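Trainee: What follows is a predicted structure for the sequence shown.
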Amino acid sequence: MIRLGLLAAVSWFVVDQATKWWIVNHIMVPPRVIPVTDFFNIILGRNTGVSFGLLGGMSQWLLVALASAVLVMLLIWMSQATSRIVEFALGLIAGGAIGNMVDRLRLGGVTDFLDLYLGEWHWPAFNMADVGIVCGAGLLLAESVIFGKAQASGDRT
């Protein structure tokens, strides 16, 4: 059953790297803020930390080692998944993690370009790898809630 997860991981890695390449080499030449809606801009940023810039002073090699350990755990979990939803979700998370890890190795930081905001308050910029990680985590949560409810109702009969 690991094939779906691996396909999701490779596909999301390609989506992430292609969008970063397109933004850096075509859209952001020269770098600027591109307003898309009243709450969304395209920008160009480099994050040397982890989520939302946390641990920005930490060694890139240490962050890559941490991401590698997480990837190994995701692959083990994926190989034991009994649900296609879980397998797909883990693939999205793995693909996003690999995409950001490749950025760290190649560029010393992660390329971010999606900027959501409300008035003057801006959510930290993110990229398609982050979208895959968040969607994968959301799918895991939804599957857990749905499966948990179905299992709980089945236990009562």
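Mentor: Perfect, thanks for sending it.
Trainee: Strands along this structure, start to end?
Mentor: For the chain, strands defined by DSSP state E occupy the ranges 34-37, 40-47, 110-118, 121-122.
Trainee: Deepest-packed of those, please.
Mentor: strand 110-118 (a mean of 19; mean count of other C-beta atoms under 10 Å). Where C-beta positions appear, they are placed from N, C-alpha and C, glycine not excepted.
Trainee: which residues are in contact with that one?
Mentor: 19-20, 23-24, 27-28, 33, 39-48, 100, 103-104, 122-131 (C-beta atoms under 8 Å, 6 or more residues apart in numbering).
Trainee: Surely residue 71 touches residue 94?
Mentor: Yes - contact criterion C-beta atoms under 8 Å: residue 71 and residue 94 qualify, at 5.9 Å.
Trainee: Which of these two has more residues huddled nearby?
Mentor: For residue 71 and residue 94, the more surrounded residue by other C-beta atoms under 10 Å is residue 94, and the numbers stand at 27 against 16.
Trainee: Grab the nearest non-local neighbour of that one.
Mentor: Take residue 94 and drop its neighbours on the chain: the residue closest to it by C-beta to C-beta, 6 or more residues apart in numbering is residue 9, 4.2 Å away.
Trainee: contacting residues around the one you found?
Mentor: 91, 92, 94, 95, 98 are the contacts of residue 9 under C-beta under 8 Å, 6+ apart.
Trainee: Let's see which of those end up in helices.
Mentor: In helices, defined here by DSSP state H, the members of the contacts of residue 9 are 91, 92, 94, 95, 98.
Trainee: Kindly indicate which of those lies nearest residue 108.
Mentor: residue 98 (16.9 Å; C-beta to C-beta).
Trainee: pretty sure that closest one contacts residue 14?
Mentor: No - with contact defined as C-beta under 8 Å, residue 98 and residue 14 do not form a contacting pair (10.3 Å).
Trainee: Show me whatever sits in contact with both of these two.
Mentor: Counting by C-beta under 8 Å, 6+ apart, no residue touches both residue 98 and residue 14.
Trainee: got a pLDDT number for residue 116?
Mentor: Residue 116 is assigned 97 on the pLDDT scale.
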